[in-house]
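Novice: next one to model:
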Amino acid sequence: MRYTLGCTLSYNILSDTTFIFNLEVAKLKSVEILSESLVLTPDLKREVYITPDLQNRYLGVNVPMGQFTLEYNAEVDLTVHRADPATINETPVSALPLDILPFLLPSRFVSSDRLAPFALAEFGALPKGHQRVNAICNWIHDHITYQPGASDGETTADESLLKRAGVCRDFAHLGTAFCRALGIPARFVSCYAHGLVPSDFHAVFEAYLDGRWWLFDATRQADLDGLVRIGVGRDAAEIAFSTPYGNMQPVNQQIRIQRSDGSGSPMPRTVDAISTEVPAPHAGAA
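Specialist: Got it, this is the predicted structure:
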């Protein structure tokens, strides 16, 4: 499926500020970037870094006092791998590749150690595999209220469970934490999300099952087969779309994504299991 997507971010810079952005589409085998542009106003020197393992793209910019705008646009062709969820099993910890193991451990916002007793009581007896992770998503969707303003950038997964409210970031952290607590590797994913209304940066998670990373969205607000990855990490701290060091004020933020392959009417939400690891992955593939 082909998409045009991008974002426009504007800031009022009150004193010299260093930004680290992570908002460009990740360079994956499943995503062909047909065209791409990133314009800074004013035009400033930029530093670029791509993580070799996960293909996260980071942009560093030192911005002087005044007005600053970043505009990113891309057209991409996304290929996804589909499977019957009933055929996807869990991978025993003893069979996990070593580079997957960090995604079993607690991290700054994913307090899986604190949530282990709850996760085991609620989900421990469920049939293992994709269906168990989907049951986790169903539970989060049914018991956590999607409520903008209910959390902030410091909210952890266990705090979201106590509040029973949050946004996509909190839903993804909670799903990731429950999976890790059950011995299922899981990681946080930021993306451009087709079908999300209103359009915004979106957060979902992936679980490692049967030797492959599979996408899950506990908010149920976007098309699972229309998620174009920006970044992936242990939690949101590693892939924030904008991390400023200095004194600045956000002024405007616009995120956009739409089909560009001539498809008009909305498609029904898929019931397939979806992975963006194409072709078949090797151990630890991004």
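
Novice: every contact and neighbour count from this point should use C-alpha atoms.
Specialist: OK.

Novice: where exactly do the helices run in the stretch 51-200 of the chain?
Specialist: With DSSP state H, counting those that start in this stretch, the ranges of helices along the stretch 51-200 of the chain come out as 112-123, 130-143, 157-163, 168-181.

Novice: show residues contacting the third one.
Specialist: Residues external to helix 157-163 that are found in contact with it (C-alpha atoms under 8 Å, 6 or more residues apart in numbering): 109-112, 114-115, 144, 151, 166, 170, 173-174, 177.

Novice: buried members of those residues into PyMOL, please.
Specialist: Restricted to buried positions by 16 or more other C-alpha atoms under 10 Å, the PyMOL selection for those reads:
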select buried, resi 109+110+111+112+115+144+151+166+170+173+174+177
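
Novice: in three-state terms, label residue 250 for me.
Specialist: What DSSP: H, G, I helix; E, B strand; the rest coil gives for residue 250 is strand.

Novice: what's across from it in the sheet?
Specialist: The bridge-partner assignment for residue 250, based on DSSP bridges, gives residue 11.

Novice: what ranges do the strands span in the stretch 1-150 of the chain?
Specialist: 2-13, 17-21, 31-41, 46-50, 57-63, 66-78, 81-83, 145-146 (DSSP state E, counting those that start in this stretch).

Novice: what pLDDT, on average, does the second one get?
Specialist: Mean pLDDT, computed over strand 17-21, is 99.

Novice: and the angle from that strand to strand 66-78?
Specialist: 10 degrees (axes from the mean of the first three to the mean of the last three C-alpha atoms, to 10 degrees).

Novice: dump the helices of the stretch 51-200 of the chain to JSON lines, plus distance to residue 78.
Specialist: JSON lines is the format used below for the helices of the stretch 51-200 of the chain (distance: least, C-alpha to C-alpha, whole Å):
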{"stretch": "helix 112-123", "distance to residue 78": "32"}
{"stretch": "helix 130-143", "distance to residue 78": "22"}
{"stretch": "helix 157-163", "distance to residue 78": "30"}
{"stretch": "helix 168-181", "distance to residue 78": "22"}
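
Novice: ranking the ones you listed by burial, who's on top?
Specialist: helix 168-181 (a mean of 29; mean count of other C-alpha atoms under 10 Å).

Novice: tell me the angle of that one relative to helix 112-123?
Specialist: 80 degrees.

Novice: which strands and helices sit next to helix 168-181?
Specialist: Helices and strands touching helix 168-181, by 3 or more C-alpha pairs under 8 Å, 6 or more residues apart in numbering; DSSP states H and E, are helix 112-123, helix 130-143, helix 157-163, strand 186-193, strand 201-209.

Novice: can you put the ones you listed in CSV and add mean pLDDT and distance to residue 15?
Specialist: Formatted as CSV, these follow (pLDDT from 0 to 100; distance: least, C-alpha to C-alpha, whole Å):
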stretch, mean pLDDT, distance to residue 15
helix 112-123, 98, 39
helix 130-143, 98, 41
helix 157-163, 97, 34
strand 186-193, 99, 29
strand 201-209, 98, 26
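
Novice: give the contact list for the closest residue to residue 17 other than its chain neighbours.
Specialist: Spatial nearest neighbour of residue 17, chain neighbours left out: residue 246 (4.2 Å); criterion: C-alpha to C-alpha, 6 or more residues apart in numbering. Contact analysis of residue 246 by C-alpha under 8 Å, 6+ apart lists 15, 16, 17, 18.

Novice: who does the third one form a beta bridge with?
Specialist: Under DSSP bridges, the beta-bridge partners of residue 17 are residue 63.

Novice: which residues does it contact?
Specialist: 62, 63, 64, 65, 244, 245, 246, 247, 248.

Novice: among these, who's most crowded?
Specialist: residue 63 (24 neighbours; other C-alpha atoms under 10 Å).
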